[in-house]
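In: Mind folding the following:
(2 chains)
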Amino acid sequence: DAEITQSPRHKITETGRQVTLACHQTWNHNNMFWYRQDLGHGLRLIHYSYGVQDTNKGEVSDGYSVSRSNTEDLPLTLESAASSQTSVYFCASSATGEAYNEQFFGPGTRLTVL
Amino acid sequence: AQSVTQLDSQVPVFEEAPVELRCNYSSSVSVYLFWYVQYPNQGLQLLLKYLSGSTLVKGINGFEAEFNKSQTSFHLRKPSVHISDTAEYFCAVTSPNAGNMLTFGGGTRLMVKP
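Out: Model prediction:
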């Protein structure tokens, strides 16, 4: 079965360190998204990609970057981790075509920045 | 710009009772509306979506939602809840020209008590 996976599932890091969160999907979807989930804010879009070599900033992109070198992967990098980036991060993917296509979510990565 | 407001952050209810989770949206263009559910320590999964046509939409696990354009609402209902329905529920909106980007509400935690 197709799936979307994230690693690690839990990560503790220190302020100022660079951190990369992995996202891998086997749906062969062109669209991929990164969200952060914080209490009271729901999910907020960090970055998204519509295909290989395409990346775009979302609502809360400051301090984050992504790269898309193949269809399956969209790693999220925190260049210099800050305590404000402690959150749960979700990756999602969807098929190209219609705006209402379902997004499929990974299980999430819980990141703590000390 | 679009926005979604979920009026209740938590909804406690007894098992077998009916429940309604409220969602209001703001958009200047036509919309597609979604409800996602997040079970503990899992990613989000789609419950149902409204695209057009009939304003009453049926989803998985006995849930349904009604689109009300005049009140800009998309409330989620279930006539009889089970313990297993305990989860976080998110309302989300997109539009035909939004490139499948979703705007989420803050979430409602449904707590079903025995």
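In: which residue sits closest to the residue most central in space within chain A, ignoring its sequence neighbours?
Out: Most central in chain A under CA atoms, centre = their mean is A:Trp34, positioned 2.8 Å from the mean C-alpha point. In this structure, A:Trp34 finds its nearest non-sequential neighbour in A:Ile46, 4.4 Å apart by CB to CB, 6 or more residues apart in numbering or on different chains. (C-beta placed from N, C-alpha, C; glycine too.)
In: re the thing from before, list the contacts of the host helix or strand of the residue nearest to the centre of chain A.
Out: Assigned by DSSP states H and E, A:Trp34 belongs to strand A:31-38. Outside strand A:31-38, the residues that touch it by CB atoms under 8 Å, 6 or more residues apart in numbering or on different chains are A:23, A:25, A:43-50, A:58, A:60, A:64, A:66, A:68, A:74, A:76, A:85, A:87-96, A:101, A:103, A:108, B:100-101, B:104.
In: how far is it from where the chain is centred?
Out: 5 Å (CA atoms, centre = their mean, to the nearest Å).
In: Make a ChimeraX selection of the buried ones in the contacts of strand A:31-38.
Out: To isolate the buried members of these in ChimeraX, using 16 or more other CB atoms under 10 Å in any protein chain shown:
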select /A:23,25,43,44,45,46,47,48,49,58,60,64,66,68,74,76,85,87,88,89,90,91,92,93,94,101,103,108 /B:100,101,104
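In: Narrow the contacts of strand A:31-38 to those in strands?
Out: A:23, A:25, A:43-50, A:64, A:66, A:76, A:87-94, B:104 (DSSP state E).
In: How about whichever strand or helix holds B:Leu48 and chain A, touching?
Out: Per DSSP H and E, B:Leu48 falls inside strand B:44-50. Yes - using CB under 8 Å from any CB of the partner chain, we find that strand B:44-50 touches chain A at B:44-46, B:49.
In: at contact distance from chain A, anything in the helix or strand that that strand is followed by?
Out: Per DSSP H and E, the first helix or strand lying C-terminal to strand B:44-50 is strand B:56-58. No - Strand B:56-58 lies out of reach of chain A by CB under 8 Å from any CB, never closer than 12.0 Å.
In: Next, count neighbours for B:Met111.
Out: Neighbour count for B:Met111, taken as other CB atoms under 10 Å in any protein chain shown: 13.
In: Can you tell me the SS state at the residue nearest to it when sequence neighbours are not counted?
Out: What sits nearest to B:Met111 in space, not counting adjacent residues and going by CB to CB, 6+ apart, is B:Pro12, at 4.7 Å. What DSSP: H, G, I helix; E, B strand; the rest coil gives for B:Pro12 is strand.
In: The most centrally placed residue in chain B pairs with what?
Out: Nearest to the mean C-alpha position of chain B, by CA atoms, centre = their mean, lies B:Trp35 at 3.5 Å. Taking DSSP bridges as the rule, B:Trp35 bridges to B:Leu48, B:Cys91.
In: you'd agree it is up against B:Ala87?
Out: No - here B:Trp35 lies out of contact with B:Ala87, judged by CB atoms under 8 Å, at a distance of 11.2 Å.
In: Spell out which parts of chain B neighbour chain A.
Out: Checking chain B against chain A by CB under 8 Å from any CB, the hits are B:4, B:6, B:9, B:32, B:36, B:41-46, B:49, B:51, B:90, B:94-102, B:104-107.
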